[in-house]
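**Student:** The following block contains a protein sequence and its predicted model.
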Amino acid sequence: MTVRRFNSLLLLALLTVSGSSSTKVVGRAGEDVTLPCKYDITSNGPTEVFWNRVSESLLGFNHQIIYSDGYKVIETTRASSRYHLLGRLEDGDVSLTILNTTEEDAGRYGCRVETSGWLFNDEKHLIDLTIEKVSGSSSTKVVGRAGEDVTLPCKYDIKYYGPRAVCWGRGSISTYGCNNQIISTDGSKVTTGASSRYQLLGRLKDGDVSLTILNTIEEDAGLYGCRVEIPGLGNDEIHHIDLTIKKAPSTSSTPTTETTEQTPQTEQTTNTSGQVTITTSSNSINSEQQEAGGGVLVFMVRVLLAVIALVTAGVATVIGRRWNQHKIPQQQQSSTSVRFSSNSSAVELQLLQIDAGGNSDCVYEV
């Protein structure tokens with residue numbers, strides 16, 4: 001394995017010095033890019049593949065970034081979780097995909113497919129990668145509302161790298177560190193913070209270093225950058241988030257009128273002389289609209305009481321006639337008085353019991 005790596009690096013150095021032609025690939029910051037590399041697996045069968053980053057120095061190489069034995073990627077050789085062989089290895093497609101590219105990913109890459117025979121029989125591919133800078137170089141956009149909390153996402157593979165230092169800054173991420181740094185963490189706890197409104201509320205132990213801005217204002221809008229420090233030259237993971245803050249909706253207060261309704265109460269009392277007094281009262285209703293309709297209610301109550309009085313008088317008359325038929329003594333006389341009152345009105349009914357001659361005397365007062 002060590003000899004093969006040395007041969008791979010030596011070959012890339014020779015190719016660089018000799019000015020070998022290369023394939024040019026152009027990507028955009030924040031997007032994924034694929035560097036092509038394939039071989040004829042039907043002729044050679046599954047074989048080892050090496051990917052390296054190539055410098056412009058005399059030696060022409062710096063370090064290996066990923067390796068496959070022809071069947072799978074050997075994880076211990078993966079220099080960054082952003083490097084993947086997403087092609088069909090069983091078909092000989094060993095193209096390199098770089099996730100979430102940054103400007104630091106630009107440069108020359110080398111792919112070597114080992115074949116039987118001498119070193120110079122191996123298949124060699126050089127790819128020159130150019131990364132175009134995009135205004136706000138971010139594929140992530142977040143929209144918040146003034147006065148509310150908002151979270152800007154940023155995560156990394158903590159199982160692979162372990163806890164890593166992370167910084168957040170306003171504006172585009174620079175080559176090193178964070179511009180206008182607002183908060184940072186050593187991977188286990190927050191170490192610096194420019195304001196108490198900036199919080200890392202995600203689970204740091206799971207690699208969630210998302211930034212939460214509390215009680216946002218319109219001035220919080222703009223570009224933010226998250227840098228995760230990964231060992232190796234140009235391996236840092238960089239995320240850009242473009243935050244838009246919308247104005248809070250205007251609130252208008254509408255006057256409200258409280259209305260209190262109470263059910264009319266009826267009291268009935270009977271005195272020793274047989275006089276029955278029925279009193280109906282209605283409490284005040286605290287509403288201008290109901291006060292306007294109070295007169296109608298009083299009128300209806302009056303009509304109802306009058307009807308009750310007439311019905312009571314009729315019933316009393318029938319009862320008197322039946323008593324007369326049973327020859328009740330002439331001297332026996334009884335009087336019944338029914339009185340109704342409701343606030344400003346009163347209904348009074350007096351019934352004089354039937355006399356000996358069968359005559360009746362009824363007096364109604366309304």
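**Tutor:** Perfect, I can see it now.

**Student:** Can you pull the domain assignment for this protein?
**Tutor:** 2-132, 140-246, 265-365 (automatic domain parsing).

**Student:** Those: lowest mean pLDDT?
**Tutor:** With a mean of 56, domain 265-365 has the lowest mean pLDDT of the domains of the chain.

**Student:** Identify the residue nearest residue 79 in space, chain neighbours excluded?
**Tutor:** Ranked by CB to CB, 6 or more residues apart in numbering and with sequence neighbours excluded, the top spatial neighbour of residue 79 is residue 65, at 4.2 Å. Any C-beta I mention is one placed from the backbone N, CA and C, and that applies to glycine too.

**Student:** any idea which helix or strand carries residue 71?
**Tutor:** Assessed by DSSP states H and E, residue 71 sits outside every helix and strand.

**Student:** pretty sure residue 85 contacts residue 96?
**Tutor:** Yes. In terms of CB atoms under 8 Å, residue 85 counts as a neighbour of residue 96; the distance is 6.5 Å.

**Student:** Now name the helix or strand holding the residue nearest to residue 79.
**Tutor:** Short version, using DSSP H and E: residue 65 is in strand 63-68.

**Student:** max-length helix in the protein?
**Tutor:** Using DSSP state H to define each element, the chain has its longest helix at helix 294-325.

**Student:** For that helix, buried residues please.
**Tutor:** Using 16 or more other CB atoms under 10 Å as the burial criterion, the residues of helix 294-325 that qualify are 301, 302, 305, 306, 309, 312, 313, 316, 320, 324.

**Student:** Equivalent analysis for stretch 111-124, please.
**Tutor:** For stretch 111-124, burial by neighbour count (16+ other CB under 10 Å) applies to 111, 112, 113, 114, 115, 122, 123, 124.

**Student:** swap in stretch 48-56?
**Tutor:** 48, 49, 50, 51, 52, 53, 54, 55.

**Student:** quick revisit: and the residue nearest to residue 79, how far is that from residue 133?
**Tutor:** Residue 65 is 23 Å from residue 133, where distance means CB to CB, to the nearest Å.

**Student:** So the two - more neighbours on which side?
**Tutor:** Neighbours were counted for residue 65 and for residue 133 using other CB atoms under 10 Å; residue 65 has more, 22 against 13.

**Student:** so what's the more buried one up against?
**Tutor:** Residue 65 is in contact with 51, 52, 53, 78, 79, 80, 83, 96, 109, counting by CB atoms under 8 Å, 6 or more residues apart in numbering.

**Student:** Which ones among these lie within strands?
**Tutor:** Among the contacts of residue 65, DSSP state E puts 51, 52, 53, 83, 96, 109 in strands.

**Student:** Show me what the third one bridges to in the sheet.
**Tutor:** Read that as residue 53. Counting by DSSP bridges, residue 53 forms beta bridges with residue 63, residue 109.

**Student:** swap in the fourth one?
**Tutor:** As for beta bridges, residue 83 partners with residue 98 under DSSP bridges.

**Student:** That one contacts residue 51, doesn't it?
**Tutor:** Yes. Applying CB under 8 Å, one finds residue 83 in contact with residue 51, separated by 7.4 Å.

**Student:** Helices along the stretch 151-300 of the chain, start to end?
**Tutor:** For the stretch 151-300 of the chain, the helices defined by DSSP state H, counting those that start in this stretch occupy 158-161, 288-292, 294-325.
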